[in-house]
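Visitor: here are the coordinates; sequence isn't available:
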C-alpha cells in the first residue's frame, strides 16, 4: 500500500509513513484496559538525560507532550518497549538501530519492583540452568557472572525492537549483518549481549533473544550461551509474545501459556556468546552456528556420556516404572525443583534437549531410544545411548 507513495522521494515523509504504520500495528496488539499507549518521542533517563529520538514506543500513561508536535517525553520506568522502524534494513541501518535503541540503557537501579526480582530469578534459572544461587557473587565463574548481569540489564530496561519492512531477506543475512557490525566495533561499548535488540524483524524473518523474556536457551555444556535464535513462524507472533509477557509480569496478569512454550517451542540457533578471561583478552566472544543448528545439537557427545544432576537421575529412574510424570502436579518432582531453585519449564527443556526425555507440554516420559543410566564410584550420575563404544571405558570390569 505504501509503495505507491515512494515517488514522493522525500526521506522524512516516507519515514513518517512507515512509522505511522508501525504504530498502528503495535496499537492492535496491545492488551486493553491497562492505560497503554503507542507514542514517539524521547525517554527521560534516571539521571535526567534523554535518549535518542524513538520512532515508536509502548508506554504506560500520558507522558509529557512536546508543544505543537506529536512527540512525547516519557520517564523510563513507564516505557515497556522501544522500537526502531526501518523501511529497509542492511548493515548501516542495523548500526543506526543499535545506537538509537541503546540510548535508553542506563545504570542499573538500586531498588527493583517485586515482579522484576521474579523475572531475574526465572531468567537465571532458565539460562544458567543448574547453577546454584550464591550469596557471594565472587563465587560465580566469569561466564556465569557476566551472563547474570546481562540478564538483569535486559529485565530492568525496556524491550528493544528493530522493526523493518524490507532489506535483508534471510536469517543468514541478518546474522552476517550483525557479525559485520560487531567486527567493525570491536573494543567499543554497546555490544554486549544485553545491548543486542530483544527482537529483530525484517519482513517475514526474525531473530529473537533467548533471555527468558519469555523464551530461553540455557548455557550449553560447552559454556556458550546461544542468545539469538529464529523460528519458522510469522514474526508478529514473536512480537506479541515478548510484549505480552512483559505486560503480564508487570501487571500480574498470569502467564501460564509461556511456561508451556518454553519447553515445546523449537528454535534454530543463530548466534551465541561466551565470556572469556585470558591474559591476552577479556570479554564476550561471539560464536557463529551452522544453519538449522538447535540446542539439542550441543548434547550430541561422541566422546562420553551426558552428566545428570541427582534430581534428573532420580526422575529418570522413576520413569522406568511410572512411564510418565506430570511435571506441573507431581509433588515429589516439584519439591525437588523448589529445593534446588529450578523452574519447571527450565528443568523439562533441559531434559528434552538431552534427547533422553520427551514431553507433550505437561507430561514427561522416556524416548524410545535405548539408553544406559549409571552412577560412578565418585557419586556422579550419567546417561548414554546403549550402543556407544565409549561405554566400555566407563564400566568397572
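Guide: Received, thanks. All of these numbers come straight from a predicted model, not from anything done at the bench. Numbering: from 1, shown residues only.

Visitor: Would you confirm that residue 355 belongs to a helix?
Guide: No - Residue 355 is assigned coil when assessed by DSSP: H, G, I helix; E, B strand; the rest coil, not a helix.

Visitor: Show me the shaky parts of the stretch 1-150 of the chain.
Guide: The model of the stretch 1-150 of the chain has pLDDT under 70 over residues 1-21.

Visitor: would you list every one of the helices in it?
Guide: 11-28, 91-102, 114-127, 142-156 (DSSP state H, counting those that start in this stretch).

Visitor: Go ahead and name everything in contact with the third one.
Guide: For helix 114-127, contacts defined as C-beta atoms under 8 Å, 6 or more residues apart in numbering pick out 112, 131, 133, 147-148, 151-152, 154-156, 210-213, 216-219, 225, 249-250, 252, 262, 341-343, 345-346, 349. In short, each C-beta sits where N, CA and C put it, glycine included.

Visitor: Please flag which of those sit within strands.
Guide: Counting by DSSP state E, the part of the contacts of helix 114-127 found in strands is residue 225.

Visitor: Emit the ChimeraX select command for whichever of the contacts of helix 114-127 are buried.
Guide: Here is the ChimeraX command that selects the buried residues among the contacts of helix 114-127 (16 or more other C-beta atoms under 10 Å):
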select :131,147,148,151,152,154,155,156,210,211,212,213,216,217,218,219,225,249,262,342,343,345,346,349
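
Visitor: Find the residue at the geometric middle of the protein.
Guide: residue 210 (1.9 Å; C-alpha atoms, centre = their mean).

Visitor: and residue 323, how many neighbours does it have?
Guide: 10 (other C-beta atoms under 10 Å).

Visitor: now it: how far from residue 358?
Guide: 12 Å (C-beta to C-beta, to the nearest Å).

Visitor: so what sits against both of those two?
Guide: In contact with both residue 323 and residue 358: residue 365, using C-beta under 8 Å, 6+ apart.

Visitor: that older thread, can you redo the helices of the stretch 1-150 of the chain as JSON lines, where the extra columns are distance to residue 58?
Guide: Below are the helices of the stretch 1-150 of the chain laid out as JSON lines (distance: least, C-beta to C-beta, whole Å):
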{"stretch": "helix 11-28", "distance to residue 58": "6"}
{"stretch": "helix 91-102", "distance to residue 58": "13"}
{"stretch": "helix 114-127", "distance to residue 58": "17"}
{"stretch": "helix 142-156", "distance to residue 58": "16"}
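
Visitor: Stretch 284-294: which residues count as buried?
Guide: Buried-residue list, stretch 284-294, by 16+ other C-beta under 10 Å: 284, 286, 287, 289, 293, 294.

Visitor: what's the span of that stretch from first residue to last?
Guide: 21 Å (C-alpha to C-alpha, to the nearest Å).

Visitor: can you list contacts of it?
Guide: Under C-beta under 8 Å, 6+ apart, the answer for stretch 284-294 is 146, 172, 175, 179, 182, 191-193, 224, 226, 266-276.

Visitor: Just the residues you listed: which are in helices?
Guide: 146, 172, 175, 179, 182 (DSSP state H).

Visitor: how close does the closest residue in space to the last one that isn't next to it in sequence get to residue 181?
Guide: For residue 182, the nearest residue in space outside its immediate sequence neighbours is residue 191; the separation is 5.5 Å by C-beta to C-beta, 6 or more residues apart in numbering. In this structure, residue 191 and residue 181 are separated by 8 Å, where distance is defined by C-beta to C-beta.

Visitor: More neighbours: which of the two?
Guide: Shown here are residue 191 and residue 181; by other C-beta under 10 Å, residue 191 has more neighbours (21 against 16).

Visitor: Kindly state the pLDDT recorded for the more buried one?
Guide: Residue 191 is assigned a pLDDT of 86 by the prediction.

Visitor: rewinding a little: please list only the buried members of the ones in helices among the contacts of stretch 284-294.
Guide: Buried among these (16+ other C-beta under 10 Å): 146, 175, 182.

Visitor: ok, now how distant is the second one from residue 202?
Guide: Spelled out, it's residue 175. Taking C-beta to C-beta, one finds residue 175 at 12 Å from residue 202.
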